[in-house]
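1. got a sequence here, can you model it:
(one chain, ligands or ions: 1)
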Amino acid sequence: MPAIYASAPGKIIIFGEHAVVYGRPAIAIPVTQVNAKAVITPNPLSPPGKIRVVAPDIALMADLDQLPAGHPLATSIRCVLASLKISRPPSLTLRVTSTIPLAAGLGSGAAVSVAIIRALSAFLGHPFPDDQVSELSFQVEKIHHGTPSGIDNSVITYGKPVFFARGKPIEFLEVTHPFMLVIGDTGVRSPTVEVVADVRQRWLTESNLMERLFDAAGAVALEGRQAVEGGDYPLLGQLMNRNHAILQEMNVSSLDLDRLVEASLVAGAVGAKLSGGGRGGNMIALVTPESSAKVIDAIQANGAVRTIVTTVGPRN
Ligand code: PMV
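-> Sure thing, here's the model as predicted:
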């Protein structure tokens, strides 16, 4: 049995995070500049059933049966074995690495599970189709997000810009005019599960206000789809700013995110917002080829620990 390799990209949410958990539409795109990789090598000399898991980024080196039930890497593996009804797979080592920062709104959890599910199902002779990969990775997302919408596993599995609403078939966006985004990392790690739980708590106590904010975010995503597909950048930028204001009202932004958003706009970004769970992690700014360098300088001067430039285009 040869070694098997699979990878999955990161992602950002252009419109609709949090509201998407409550059934409103959202738009996400893959970010191929960062990715997670899973490599599986057979251990023909070890007894069947023994699975070694190595993940240097989180200093993990353990046998599968030593990992607790809710461990995301173990869950990814166990989901595949259960789907294939395999209890004693050939002995193997799974090595997971990722360049996607953890807890930063770039979909690291979903990318890792998608890469593992793809590699392991292929290694066992039954490469899963995308819809099955996405569905199993959604099960793992429950560990990361508590009540995930399913947007992360969808955009990362399919690797295309998606218009996503919970319980509806995924739609892929037709981007005819490429546009450029600068992604700026506050360096503050903020586990999505905590922010999603806080939003839920507030929704339970202030449901009218939160429902209004979710509706507003959903309307922005709908209009945003037209702006993305029609190449209307001024509108796209305005909608990003509007979405950021809504997320501030939801209380999921932070001083660091607001500072980077503000700095990017002052430096000439067409629009900017936080992206993902919030309270830390990454923001995104819509830029032109002319303004990108100034925007990058501005957000770095305001504390961004890393920046990524990504172009969303017909082939993305
Ligand atoms: O993984 P993150 O931090 O990008 O968050 C995903 C977006 C949320 O809407 C906050 C959660 C979800 O499951 O949709």
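2. helix, strand or coil for Ile143?
-> Recorded secondary structure, Ile143: helix (DSSP: H, G, I helix; E, B strand; the rest coil).
3. got the contact list for the closest residue to the ligand within the stretch 51-200 of the chain?
-> Closest approach between the stretch 51-200 of the chain and the ligand, counting by C-beta to the nearest ligand atom: Ser149, at 3.3 Å. For glycine as for every other residue, the C-beta is placed from the backbone atoms N, C-alpha and C. Contacts for Ser149 (C-beta atoms under 8 Å, 6 or more residues apart in numbering) come out as 20-21, 26, 164, 166.
4. could you measure from the residue nearest to it when sequence neighbours are not counted over to Ala165?
-> Spatial nearest neighbour of Ser149, excluding adjacent residues (C-beta to C-beta, 6 or more residues apart in numbering): Val20 at 4.2 Å. Note on Val20: its distance to Ala165, by C-beta to C-beta, to the nearest Å, is 7 Å.
5. overlap in contacts, these two.
-> Common contacts of Val20 and Ala165 (C-beta under 8 Å, 6+ apart): Ala26.
6. OK, contacts around Pro148?
-> Taking C-beta under 8 Å, 6+ apart as the test, what Pro148 contacts is 21, 138, 141-142, 196.
7. kindly report the same for Tyr233.
-> Contacts of Tyr233 (C-beta under 8 Å, 6+ apart): 179, 227, 270, 286, 288.
8. just the buried residues of those.
-> Neighbour counting with 16 or more other C-beta atoms under 10 Å marks 179, 227, 270, 286 as buried within the contacts of Tyr233.
9. which one of the contacts of Tyr233 is nearest to the ligand?
-> The ligand lies nearest to Leu286 out of these, by C-beta to the nearest ligand atom, at 18.0 Å.
10. okay, and the beta partners of the closest one?
-> Per DSSP bridges, residues listed as beta-bridge partners of Leu286: Leu181, Gly271.
11. for Ser134, see how far away it is.
-> With the distance defined as C-beta to C-beta, Leu286 ends up 27 Å from Ser134.
12. re earlier: out of the contacts of Pro148, who's the most crowded?
-> For those, the largest number of neighbours (other C-beta atoms under 10 Å) sits with Glu141, at 27 neighbours.
13. for that one, list the residues it contacts.
-> The contact partners of Glu141, taken as C-beta under 8 Å, 6+ apart, are 109-110, 113, 148, 150, 152-153.
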